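Colleague: Give me the fold of what follows.
(one chain, ligands or ions: 1)
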Amino acid sequence: MQRLTVSDKTWQALLRLKRSAGGATAEPDRDDPAWQVYSPLVCRSRSSFVIAQVGQSLDGRVATASGDARDISGPDGILHLHRLRALVDAVIVGVGTVVADDPQLTVRDVEGPCPVRVVIDPAGRMPSDAGLLSGKGPPPLVIRDRAKCRDAADTIIHLDAIDGRLSPHSILGALAARGLHSVLVEGGANTIGAFLNSGQIDRLHVAISPIVIGSGPAGLNLPAIERLDQALRAPCKTYDLGSDVLFDLEYRRDRGG
Ligand SMILES: NC(=O)c1ccc[n+]([C@@H]2O[C@H](COP(=O)([O-])OP(=O)(O)OC[C@H]3O[C@@H](n4cnc5c(N)ncnc54)[C@H](OP(=O)(O)O)[C@@H]3O)[C@@H](O)[C@H]2O)c1
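Modeller: Just a heads-up that it's a prediction; the model follows:
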């Protein structure tokens, strides 16, 4: 397994490439694991790029049964997550994560810009005192079900739900219309599951921390399957982050939706 460290030279090249929106830049060593892992987020040869990331325990949990979700990932897992945030245009969470964890979704542990923060909140369950609304930075974009939302604001995106669900393809289309083309789906389990199940993920990063929790919610929720040959499989590379191990899975995104 390759060790994934990010030199300042490589990080600066990635930030330059992001700023130049895919234009020419001095390119570092293509064999550098850091370049292999992070450059797809900023190389705009594709019209858009969607990555999902889960930080979980060895036994696949993202919180204790009572909901304590802090410090599941080790320091290098958190650093990895902040690198992903710094390189994308937008980070998406479901309202369940806002209610459970009250996250900031900002970039704090690395140099780089904060992404536009997006909450999928069809029925308007986001608490009015959520840190995303009261903390530093511009307010998040909120994706609402048109049938359940009469409010109008620049920060609200109305979409039509089908059987109560908003299509990940339409969510990505609405973000692309606002110039947000590279997207990190950060959780939780149901949100990532919906994107993965509808074929709207290019990459899935699962960062595993060597702790065992024993019970509690899983990081990914998909419809039940009967046989293992129905399991989602994808080409996978593994990297030693230091405190955590990264599984980098490459899916074939359904760009037609
Ligand atoms: N370790 C990690 O990497 C990580 C990261 C993030 C979160 N988490 C954990 O994940 C847990 C929360 O996960 P969760 O699955 O319960 O909640 P979630 O995925 O954050 O939010 C799910 C809710 O968001 C809305 N939603 C998301 N996608 C939708 C779609 N396509 N169409 C319509 N509505 C959609 C729905 O809201 P309505 O119910 O209002 O319809 C849905 O119930 C927490 O325990 C948190 O700690 C872990």
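
Colleague: quick one: the strands in the stretch 51-200 of the chain?
Modeller: 90-94, 116-120, 141-145, 156-159, 182-187 (DSSP state E, counting those that start in this stretch).

Colleague: For residue 138, see how far away residue 121 is.
Modeller: Between residue 121 and residue 138 the computed distance is 17 Å (Cβ to Cβ, to the nearest Å). (Glycine included, C-beta is placed from N, CA and C.)

Colleague: And these two? Which one has more around it.
Modeller: residue 121 (24 against 9; other Cβ atoms under 10 Å).

Colleague: With adjacent residues omitted, what lies nearest to that one?
Modeller: With Cβ to Cβ, 6 or more residues apart in numbering as the criterion, residue 121 has its nearest non-adjacent residue at 4.0 Å, and that residue is residue 95.

Colleague: on that earlier part again, show me the one of the strands of the stretch 51-200 of the chain that comes nearest residue 14.
Modeller: Among those, the nearest to residue 14 by Cβ to Cβ is strand 182-187 (11.9 Å).

Colleague: who does the closest one pair up with?
Modeller: strand 49-57 (parallel), strand 90-94 (parallel) (DSSP bridges).

Colleague: Figure out how far the longest one is from the centre of its chain.
Modeller: In other words, strand 49-57. 5 Å (Cα atoms, centre = their mean, to the nearest Å).

Colleague: Which stretches in the stretch 51-200 of the chain count as helices?
Modeller: With DSSP state H, counting those that start in this stretch as the criterion, the stretch 51-200 of the chain has helices at 75-87, 95-101, 131-134, 168-177, 189-197.

Colleague: Kindly reformat those helices as a markdown table containing mean pLDDT and distance to the ligand.
Modeller: Below are the helices of the stretch 51-200 of the chain laid out as a markdown table (pLDDT from 0 to 100; distance: least, Cβ to the nearest ligand atom, whole Å):
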| stretch | mean pLDDT | distance to the ligand |
| --- | --- | --- |
| helix 75-87 | 98 | 8 |
| helix 95-101 | 96 | 2 |
| helix 131-134 | 94 | 12 |
| helix 168-177 | 97 | 6 |
| helix 189-197 | 97 | 3 |
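
Colleague: any chance of the ones you listed in JSON lines, plus distance to residue 253 and mean neighbour count?
Modeller: Output for the helices of the stretch 51-200 of the chain, formatted as JSON lines (distance: least, Cβ to Cβ, whole Å; neighbours: other Cβ atoms under 10 Å):
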{"stretch": "helix 75-87", "distance to residue 253": "17", "mean neighbour count": "22"}
{"stretch": "helix 95-101", "distance to residue 253": "23", "mean neighbour count": "19"}
{"stretch": "helix 131-134", "distance to residue 253": "27", "mean neighbour count": "16"}
{"stretch": "helix 168-177", "distance to residue 253": "10", "mean neighbour count": "18"}
{"stretch": "helix 189-197", "distance to residue 253": "10", "mean neighbour count": "20"}
